[in-house]
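# Task: produce atomic coordinates for the following.
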Amino acid sequence: MSKVVGIELGPTVESSLSEMVENGLLQHIAKLEEIALAASKEFALENNLHEMKHEWDEVEFELVPYR
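Predicted coordinates for the structure are as follows:
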């Protein structure tokens, strides 16, 4: 995101919407929305993968000879 807008971005306790507007982020809104959507999807996939791994932790397969 910092590359897109040309300034270093980093959320802080003092970060505000007015600060973002003053820094000119609105002119990059389309690209920032695209990045946010991709990040949200990646986060959801990582959470789902973690949940699946957790569900399968206790599963044990018993293997027997075929013949």
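# From now on I want contacts and neighbour counts done on CA atoms only, so please keep to that.
Fine.
# which stretches of this protein form helices?
Per DSSP state H, the chain carries helices over the ranges 2-5, 17-22, 29-56.
# Give the buried residues for the shortest one.
Within helix 2-5, the residues that count as buried by 16 or more other CA atoms under 10 Å are Val5.
# just the last one next, same as before
Burial within helix 29-56, assessed by neighbour count using 16+ other CA under 10 Å, is assigned to Leu32.
# What average pLDDT does that helix get?
In this model, helix 29-56 has an average pLDDT of 96.
# now for that helix, which elements pack on it?
For helix 29-56, not one helix or strand is in contact under the criterion 3 or more CA pairs under 8 Å, 6 or more residues apart in numbering; DSSP states H and E.
# contacting residues around stretch 12-23?
Stretch 12-23 is contacted from outside by Leu26, using CA atoms under 8 Å, 6 or more residues apart in numbering.
# buried sites along that stretch?
Residues of stretch 12-23 include none that count as buried (16+ other CA under 10 Å).
# Output it in PDB, but only the C-alpha positions, please.
Extracted C-alpha coordinates of stretch 12-23, given in PDB (Å, rounded to 0.1, in the frame of the first residue of the first chain):
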ATOM      1  CA  THR A  12      -0.900   3.900  14.900                       C
ATOM      2  CA  VAL A  13      -3.100   4.800  17.800                       C
ATOM      3  CA  GLU A  14      -3.200   8.300  16.500                       C
ATOM      4  CA  SER A  15      -4.200   7.400  12.900                       C
ATOM      5  CA  SER A  16      -7.300   9.000  11.700                       C
ATOM      6  CA  LEU A  17      -9.500   9.200   8.600                       C
ATOM      7  CA  SER A  18      -8.800  13.000   8.300                       C
ATOM      8  CA  GLU A  19      -5.000  12.200   8.300                       C
ATOM      9  CA  MET A  20      -5.500   9.700   5.500                       C
ATOM     10  CA  VAL A  21      -7.500  12.300   3.400                       C
ATOM     11  CA  GLU A  22      -4.800  14.900   4.100                       C
ATOM     12  CA  ASN A  23      -2.200  12.500   2.800                       C
END
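# So for that stretch, mean pLDDT?
Confidence over stretch 12-23, taken as the mean pLDDT, stands at 86.
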